[in-house]
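Asks: Fold the stuff below for me.
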Amino acid sequence: MSNNTNWSEQDLDNAGLELKPDGTYGKKTVVRSIPQFQKGQETPKGRVPAVSKVAKSFILPTIKENKKIRNATKSTAQDGTPTDSKLEATMYNLLKLHHINFEFKVKYELQPAFEYNGKKIQPISWTPDFTLVAFNMIVDTKGYSNDTAPIKIKIVKYALANDKYSWFPASRVSSCEPPEIIIIKNKEQCEKFINRLLSLK
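Replies: Residues are numbered from 1 along each chain as shown. Sure thing, here's the model as predicted:
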């Protein structure tokens, strides 16, 4: 439709016309908004569901950051050795106090580094706090574990249960049985564990 400057906005609206970008008049474009309904609200086609079955299958999972370990304030043992937490320092001090030999922060490689599609994949390692060779025990102090700690311990137990000692030096195995893995979660458990060791000496 050609341009007619005699048309007022009211005339255009009544006629269902609008001014197009090229200067001509044409049929007015009607934009209808999609009605928004709340969960559980009645609609012309029934009640609105919470989430449809189809929609559920396309919901992407939320990626969570690895949880930080609680009560993991850096500390120092009585002999000046730095520790990762106050709980770790407590266990360290108790072991020293009662003259119980231990190896501190021994790092075990659970899976070596490797390449995948030309990219280097970092190794998986586990560094428990205390290795007590004489008692055939490995002790880790964790007030509250992060996301990876339980997984690593499962890998360790699987390896030991299936006689896969390649990552666990023979010098740290004092018997034919796999070492006992003990998780200490609070100061009270530290004291009970020390009493248990003293009873075994």
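Asks: quick one: low-confidence ranges for this protein?
Replies: 1-8, 12-13, 15-16, 19, 23, 25-26, 28-72, 143-147, 163-176 (pLDDT under 70).
Asks: quick one: the helices in it?
Replies: 9-15, 53-57, 86-97, 149-161, 187-200 (DSSP state H).
Asks: Of all those helices, which one comes closest to Q111?
Replies: Proximity to Q111 (CB to CB) singles out helix 149-161 among the helices of the chain, at 7.8 Å. C-beta: built from backbone N, CA, C; applies to glycine.
Asks: Buried residues of that closest one, list them for me.
Replies: Neighbour counts using 16 or more other CB atoms under 10 Å place A149, K152, I153, I155, V156, A159, L160 of helix 149-161 among the buried residues.
Asks: Show me which of those is closest to N117.
Replies: Taking CB to CB as the measure, N117 lies nearest I155 of those, at 23.3 Å.
Asks: Distance check, the closest one against T127.
Replies: Per CB to CB, to the nearest Å, I155 is found 14 Å from T127.
Asks: one step back: okay if I get the buried residues of helix 149-161 as CSV plus distance to L132?
Replies: Converted to CSV, the buried residues of helix 149-161 look like this (distance: CB to CB, whole Å):
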residue, distance to L132
A149, 19
K152, 19
I153, 17
I155, 21
V156, 15
A159, 19
L160, 15
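Asks: Thanks a lot, see you next time.
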